[in-house]
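Colleague: give the three-dimensional model of this entry:
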Amino acid sequence: MKSFAPGMVRWWAGPGPAGPPGHLVSRWLFLRALGVIYLSAFYSLLFQIRGMLGPEGLLPAASYLQEVAKAIGSARYWYAPTLLWLASGDHALLALCWVGIVASVLLILNFWPRAMLAVCFVCFLSFVTAAQDFSGYQSDGMLLCAGFICLFLAPGGWRPSWGEHKPAPRAPLFLLQFLWFTIYFESGIAKYFGGDPSWRDLSAMNEYYQNGPLPTWIGWYAHQLPVWFHESTALVTIGAELLVVWLVLLPRGARILCFFFMTSLQIAIILSANYAFLNYIVLALGIFLLDDQFLIRMAPKRWRRGVEENLQQPAPVSWRKRLLSSFAAAHEPLSMTGSTAAGGGTPATGTNVTTESDRQSLPGALVSSSLLWLQTLLLAWVFYAMAFLLFQQASPGLPLPAKPVTILEPFRIANSYGLFGRMTWARYEIEFQGSNDGTNWVAYPFCYKPQDLREAPGIYAPYQPRFEWNLWFASLGTWRENPFVLRTEQQLLSNNSDVAALFRSNPFASAPPKQIRVVLWQYWFTDRATKRATGQWWRREFRGLYAPTLARDADGKIIVAEWPQTFIPPP
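Modeller: From the prediction side, this is the model:
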């Protein structure tokens with residue numbers, strides 16, 4: 001049966017080659033890891049989404065979408081792609097989380113992975129689109145990019161096992177490896193060439209462990225190490241991101257070495273800081289540096305059969321020869337003897353293989369070829385957008401068309417990465433306090449942020465407390481740049497239960513306070529001697545008001561009781 005897709009299209013987006021080295025195990029492992037990461041994202045939202053985006057939340061999704069609709073009209077469905085256009089109340093927000101949780105669990109269980117990936121992607125994109133200040137992190141972009149590409153990587157079927165009958169296509173496999181590379185390399189460029197001198201003089205790590213968004217107790221111990229250790233880790237980080245990542249282009253021995261080196265780096269970051277699921281995505285992407293010949297030895301014997309049978313098939317022709325032959329046969333029909341059942345290898349001489357596509361009817365061939373063309377165009381589009389952003393980071397003056405990237409931007413599947421291009425040299429913490437007399441103030445306790453000086457910083461990633469995470473970013477700016485802070489004051493003054501649930505407990509559960517203020521502290525890790533003497537992990541100093549202090553007058557109207565000293569109130 002004639003194929004209506006040229007050889008190059010079949011080579012790029014069709015089922016990958018069977019035989020060694022194989023990527024059945026790495027694909028299986030990555031899809032399970034992606035399911036866990038999606039689960040962590042939706043699970044953490046379940047306890048926060050009403051307080052953040054609900055009708056009485058800090059940044060109501062309904063109000064935001066109404067403004068988007070007014071601004072761009074019918075184009076809103078492209079530039080703000082979210083299911084919350086249908087409904088954005090509390091029940092709709094919780095339904096979004098629960099559907100995502102169920103789909104991610106089924107993805108982990110390898111049940112209909114393509115459909116579950118689609119559900120997870122749509123639900124998470126729906127949240128990110130409407131979340132305003134509570135989204136847009138680089139980790140969100142990584143998850144959406146990886147999730148979208150995996151729609152083309154995952155095997156079809158309800159229970160595909162290893163997916164040995166449909167090996168991973170070249171295009172999505174390459175794009176996931178390219179995503180792994182760009183995350184590291186663009187971050188290395190941002191560090192060394194981004195204008196922060198601390199990376200060049202190797203002092204960037206001196207205050208890193210105490211000044212990140214949400215440190216860990218292991219980070220406290222790492223902070224106590226001598227300066228030469230911090231300078232060494234800065235040098236290793238720069239070398240890994242700018243140099244070691246290029247080992248991905250070398251033969252498998254170098255790639256395996258690269259995997260263990262970069263994995264060790266990611267594990268060290270995970271243990272010393274909480275960056276939600278960011279490092280888990282990068283860690284999982286590294287699995288594609290390994291192949292089935294390496295990984296099969298670690299799989300239980302009773303599970304190896306499908307992978308071993310795949311590895312026993314004849315090795316495919318090298319990609320260079322295959323690519324050349326694909327160009328030469330761009331418009332030739334598929335031969336009964338020209339491909340294996342997997343669609344990519346070359347069968348042994350004299351062997352005739354009849355594939356499912358050979359038995360297709362003309363309409364079936366048209367449909368399959370159309371789908372193959374669609375996959376090719378979509379994946380090529382994503383690749384161009386990813387490459388464009390990489391080139392813009394490495395060489396900003398290149399005259400490349402930006403329109404394809406701009407059109408794709410609302411879906412967050414091609415992103416620019418520059419992790420820690422500029423280091424934070426002081427740690428400030430915002431704290432909400434309530435009072436009934438304007439003199440005695442009681443703090444609202446946080447779940448994860450540093451606050452209690454004697455409480456050890458925890459390890460809880462990939463769980464992401466987005467409200468507390470955002471407060472760290474807000475502390476580096478002003479309250480006018482972070483309207484959700486003032487909105488938090490207003491809602492606490494009304495004892496809004498959804499917003500109060502963003503804290504560990506509500507010290508004014510029986511009745512709302514008469515005044516709410518937001519203060520700013522500067523925090524430092526203690527040293528070993530102080531910790532032994534006092535048991536304190538932190539020390540802090542009061543820096544004053546961060547935002548206006550709010551109160552209610554006799555008529556119940558919210559008024560400003562005190563302005564921050566650094567802000568000149570209007571006349």
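
Colleague: so who does residue 269 touch?
Modeller: Residue 269 makes contacts with 275, 279, as judged by CB atoms under 8 Å, 6 or more residues apart in numbering. Glycine gets a C-beta too; all of them are placed from N, C-alpha and C.

Colleague: ramachandran angles for it?
Modeller: phi -70, psi -40 (degrees, to the nearest 10).

Colleague: longest strand in the chain, by residue count?
Modeller: strand 538-552 (DSSP state E).

Colleague: quickly run through the sheet partners of that strand, with directions.
Modeller: strand 515-525 (antiparallel), strand 558-562 (antiparallel) (DSSP bridges).

Colleague: output those strands as CSV; include the columns distance to residue 371, mean pLDDT and mean neighbour count.
Modeller: Shown next, in CSV, are those (distance: least, CB to CB, whole Å; pLDDT from 0 to 100; neighbours: other CB atoms under 10 Å):
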stretch, distance to residue 371, mean pLDDT, mean neighbour count
strand 515-525, 54, 97, 21
strand 558-562, 57, 93, 13
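
Colleague: in a markdown table: those, plus distance to residue 541.
Modeller: Below are the strands paired with strand 538-552 laid out as a markdown table (distance: least, CB to CB, whole Å):
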| stretch | distance to residue 541 |
| --- | --- |
| strand 515-525 | 5 |
| strand 558-562 | 20 |
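
Colleague: nearest to residue 494 among these would be which one?
Modeller: Of all the strands paired with strand 538-552, strand 558-562 sits nearest to residue 494, with 8.8 Å by CB to CB.

Colleague: which of the residues in the longest strand of the chain are classified as buried?
Modeller: Within strand 538-552, the residues scored as buried using 16 or more other CB atoms under 10 Å are 538, 540, 545, 546, 547, 548, 549, 550, 551, 552.

Colleague: in the protein, which helix or strand is least confident?
Modeller: Here the helix or strand of the chain ranked lowest by mean pLDDT, DSSP states H and E is helix 319-328, holding a mean of 59.

Colleague: show me the helices in the stretch 301-450 of the chain, by range?
Modeller: For the stretch 301-450 of the chain, the helices defined by DSSP state H, counting those that start in this stretch cover 305-311, 319-328, 362-394, 403-408.

Colleague: TSV for those helices, including mean neighbour count and distance to residue 215?
Modeller: TSV is the format used below for the helices of the stretch 301-450 of the chain (neighbours: other CB atoms under 10 Å; distance: least, CB to CB, whole Å):
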stretch	mean neighbour count	distance to residue 215
helix 305-311	17	41
helix 319-328	13	45
helix 362-394	17	28
helix 403-408	14	35
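
Colleague: burial check on residue 32, number of neighbours?
Modeller: Using other CB atoms under 10 Å, residue 32 is surrounded by 16 other residues.

Colleague: cool, and residue 99?
Modeller: 17.

Colleague: am I right that it is in contact with residue 122?
Modeller: No: using CB atoms under 8 Å, residue 99 is not in contact with residue 122, being 9.0 Å away.

Colleague: if we ignore the residues flanking it in sequence, what's nearest residue 40?
Modeller: The shortest distance from residue 40 to any non-neighbouring residue, by CB to CB, 6 or more residues apart in numbering, is to residue 462 (4.0 Å).

Colleague: quick check, that neighbour in a helix?
Modeller: No: Residue 462 sits outside any helix when classified using DSSP: H, G, I helix; E, B strand; the rest coil, being coil.

Colleague: quick one, phi psi at it?
Modeller: phi -80, psi 0.

Colleague: where does pLDDT dip in the stretch 251-400 of the chain?
Modeller: 316-362, 364 (pLDDT under 70).

Colleague: ok so, going back, of the strands paired with strand 538-552, which approaches residue 366 most closely?
Modeller: Among those, strand 515-525 comes nearest to residue 366, with 62.6 Å by CB to CB.

Colleague: residue 58: what secondary structure?
Modeller: Quick answer, by three-state DSSP: residue 58 is coil.

Colleague: which residue packs closest to the most centrally placed residue in the chain, ignoring adjacent ones?
Modeller: Most central in the chain under CA atoms, centre = their mean is residue 139, positioned 2.7 Å from the mean C-alpha point. Leaving aside its sequence neighbours, residue 139 sits nearest to residue 278 (CB to CB, 6+ apart; 3.7 Å).

Colleague: could you do residue 432 as well?
Modeller: The shortest distance from residue 432 to any non-neighbouring residue, by CB to CB, 6+ apart, is to residue 444 (4.5 Å).

Colleague: now do that neighbour: how many residues are near it, please.
Modeller: Neighbour count of residue 444, defined by other CB under 10 Å: 22.
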